[in-house]
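*Asks:* Okay, here's the prediction I keep looking at, along with the sequence it came from:
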Amino acid sequence: MTKLTETPWKRLSTTPIYRNRSLSLREDVVELPDGKTSTYGVVSCGDCVGVLPFVDRATVVLVRQFRYVSQRATWEMPTGGVHAGESFQEAAQRELAEEAGYQAGRLIHVSTYHTSKSVVDETAHLFLGYDLVSAPVSPDETEFITVRLFPFGVALEMVLSGEIVDSMTIVAVLHAARRG
């Protein structure tokens, strides 16, 4: 039987492998709690944000875009990375404007979680957005987005049926449903 330990691993060395504006990959040599060493790959993406925007109590805005890695178009809430010097709220407002054409008069933080518990270092900060006002849409050069309003009950059913597969959207919709 394996003994559970909460002893942290010790990083002995790190070697950068690859970096672009969105992520980095490094290889670490670590010392395990039993004193043995191992090589561990880490993909670092940093912080990201998502906002589930409500145009009224019963209607949300979702965006549909093609996702290269999964090779499919998905319905999801506006999401994206946090730029240097930007607060999580500022990043959420920027993504909401860029992808959906709105600003939120009120943002409510509902969750912070790790999108992967193993080899990806990314932390998501999720918000519900209320009191929306129109803002100019200016998607990134790689984003080709369709914006659509959905009754919240339909969005919840899309999560429960597996039609919505984006973890950030799933977590935000379930938190919103729990809040009532």
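*Replies:* Arrived safely, thanks for sending.
*Asks:* Name the strands paired with the strand ranked longest in the chain and say parallel or antiparallel.
*Replies:* When the chain is parsed with DSSP state E, its longest strand is strand 37-56. Strand 37-56 pairs in its sheet with strand 24-31 (antiparallel), strand 59-67 (antiparallel), strand 79-81 (antiparallel), strand 120-134 (parallel), by DSSP bridges.
*Asks:* Pull out the buried positions in the next helix or strand after the third one.
*Replies:* Yep, that's strand 79-81 we're talking about. Next helix or strand after strand 79-81 toward the C-terminus (DSSP states H and E): helix 88-100. By 16 or more other Cβ atoms under 10 Å, the buried positions in helix 88-100 come out as 88, 91-100. For every residue, glycine as well, the C-beta is placed using N, CA and C.
*Asks:* export the strands paired with strand 37-56 to TSV and tack on mean pLDDT?
*Replies:* Output for these, formatted as TSV (pLDDT from 0 to 100):
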stretch	mean pLDDT
strand 24-31	95
strand 59-67	94
strand 79-81	95
strand 120-134	96
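*Asks:* Any regions of this protein where pLDDT drops low?
*Replies:* 1-5, 139 (pLDDT under 70).
*Asks:* Quickly list the domain ranges of it.
*Replies:* Using automatic domain parsing, the domain ranges for the chain come out as 10-43, 46-179.
*Asks:* Is residue 56 bridged to anything, and to what?
*Replies:* Note on residue 56: beta-bridge partners residue 59, judged by DSSP bridges.
*Asks:* returning to that earlier point: single out the most deeply packed of the domains of the chain.
*Replies:* Mean neighbour count (mean count of other Cβ atoms under 10 Å) peaks for domain 46-179 among the domains of the chain, with a mean of 17.
*Asks:* From the opening residue of that one to its closing one, how far?
*Replies:* Chord length of domain 46-179, first to last residue, is 28 Å (Cα to Cα, to the nearest Å).
*Asks:* to the chain's geometric centre, what's the distance from it?
*Replies:* 7 Å (Cα atoms, centre = their mean, to the nearest Å).
*Asks:* got a markdown table for the buried residues of helix 88-100, with distance to residue 128 too?
*Replies:* A markdown table is the format used below for the buried residues of helix 88-100 (distance: Cβ to Cβ, whole Å):
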| residue | distance to residue 128 |
| --- | --- |
| 88 | 13 |
| 91 | 15 |
| 92 | 10 |
| 93 | 13 |
| 94 | 17 |
| 95 | 14 |
| 96 | 11 |
| 97 | 16 |
| 98 | 18 |
| 99 | 16 |
| 100 | 14 |
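*Asks:* State the pair within these that is farthest apart.
*Replies:* 88 and 100 (17.5 Å; Cβ to Cβ).
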